[in-house]
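> Here is my input, please return the structure:
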Amino acid sequence: MHNPPPSKKISVIGAGSWGSALAQSMAFNGHNITLWARRPELAKQINKTHYNHQYLKDIELNHNITATSDIKAAMDSHILLMVTPAQSLRFILADMKSYILPEHVLILCSKGIEAQSCMLMSDISRSIMPKTPIAVLTGPNFAHDIARLKPAATTLACEDERLAKTLQNIVATPYFRPYISNDIIGAQIAGSLKNVIAIACGITKGLNMGDSALASLVTRGLAEISRLGTAMGAKQETFMGMCGVGDLMLTCSSEQSRNFSFGYALGQGQNLEQIMNTRQSVVEGVHSAQSAIKLAEKYGVEMPISMAVHKCLNKGLSLDEVLKEILNRPIGHEI
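The predicted structure is shown next:
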């Protein structure tokens, strides 16, 4: 029998599909959730109908969820889940900074690397709110599955073991199981760069290159993610966990994945501008591909799949040219 933790006031900053799904999951435990939306009309619509028609169609939101577009009102909770697009995090945190209290805790749920600075979400948070404790929530989770209370597991990375266990108890439900890690660098690198590999896998699927090619890409993709991660100080075993191989498997194999479906559309012959104009959700792998290459150069590691995606998205190379480049690479050792 499920014994939910004592009710807490929790704010979810970002009312997209993932933010709304996390709000729904924690509201199941009886927590009172404030869901912050950037647009006032979205907040009003959620409060009036208990649906987020733009991002979570056909899923009625729990009545413990109250939406607002007032960032000050959202700061009334001590636990703040940051679920904004990665490229917006810096600006949202800057808006929140004047309301931050010593008892606030940030749980970073955005998967990505800041394009201009190549900073991880944790680095951005610490630069703006250096005294505020942080954790990272990332794993093989599709928003619609979590919102419908389907079983799933995830990684909760936090360097403070006591805080990690406290947050684990608050976030966990019978359907959503967070596993603790103390490797916040590895968790973020895995969560960000799997999106780049997913674009490559989508392209492969769109070009009808076969399942064997897809399996090879996922495997070699995991190798280059872990190479960069360990060079940056992450633990090798992190990439074998939920936030590593688990998230990679999910994102690289399903058309529910924004990054995989984006790559698939490219492989089917659509151009970058066409695809971006038809999507309301952010495809973080587009930003992360360029960041991955900058980090690879900085840390002296090879990332041929990420480089191929970067050249395709940002350098104007055709899919045929990129594919030829990859296939002409020297064959080396597996590890």
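> use CA for all of it now, contacts and neighbours both
Noted.
> And the helices in the stretch 151-300 of the chain, which stretches?
Using DSSP state H, counting those that start in this stretch, the helices of the stretch 151-300 of the chain run over residues 161-171, 184-206, 211-231, 247-251, 258-267, 272-277, 284-299.
> Centre of the chain to the shortest one, how far?
Mean-position distance between helix 247-251 and its chain equals 11 Å (Cα atoms, centre = their mean, to the nearest Å).
> give me the number of residues near K72?
14 (other Cα atoms under 10 Å).
> er, N208 I mean
Neighbour number of N208 under other Cα under 10 Å is 14.
> Secondary structure element for the residue nearest in space to the middle of the chain, which one?
Nearest to the mean C-alpha position of the chain, by Cα atoms, centre = their mean, lies K111 at 2.7 Å. Counting by DSSP states H and E, no helix or strand carries K111.
> shift numbering so it begins at 386
OK, 386 is where the count begins now, so the last one is K496.
> what's the closest non-adjacent residue to it?
Spatial nearest neighbour of K496, chain neighbours left out: S577 (5.0 Å); criterion: Cα to Cα, 6 or more residues apart in numbering.
> so how far is E640 from that neighbour?
18 Å (Cα to Cα, to the nearest Å).
> who has more neighbours, these two?
Neighbour count, other Cα under 10 Å: between S577 and E640, S577 has more, with 28 against 15.
> contacting residues for the more buried one?
Counting by Cα atoms under 8 Å, 6 or more residues apart in numbering, S577 makes contact with 496-498, 669-670, 673.
> if you set the cut-off to 10 Å instead, what comes out?
For S577, the contacting residues are 471, 495-498, 505, 523, 571, 610, 628-629, 669-670, 672-674, 676-677, by Cα atoms under 10 Å, 6 or more residues apart in numbering.
> Run through the stretch 386-535 of the chain and note the low-pLDDT ranges.
386-392 (pLDDT under 70).
> Can you name the residues bridging to the closest residue to S566 other than its chain neighbours?
Nearest non-adjacent residue to S566, counting by Cα to Cα, 6+ apart: A542, 4.5 Å away. Counting by DSSP bridges, A542 is bridged to V521, S566.
> right, and A542 touches A575 too?
No. Proximity of A542 to A575 does not meet the contact threshold set by Cα atoms under 10 Å, at 12.0 Å.
> Please say which of those two ends up with more neighbours.
A575 (32 against 28).
> one step back: ok, so what distance separates the residue nearest to K496 from P536?
Taking Cα to Cα, one finds S577 at 23 Å from P536.
> Can you get me a residue count around I418?
Count around I418 with other Cα under 10 Å applied: 24.
> ok, what's across the strand from it?
Counting by DSSP bridges, I418 forms beta bridges with I395, I450.
> Contact partners for it?
393-397, 407-409, 411-412, 447-452, 459, 462.
> Hmm, N699 and S673 touching each other?
No. With contacts defined as Cα under 10 Å, S673 does not count as touching N699, sitting 11.4 Å away.
> which of those two has more neighbours?
More neighbours surround S673 than the other of S673 and N699, with 26 against 14 (other Cα under 10 Å).
> Pull the contacting residues for that one.
So, once contact is read as Cα under 10 Å, 6+ apart, S673 ends up touching 471, 496-500, 503, 574, 577-581, 679, 691, 695.
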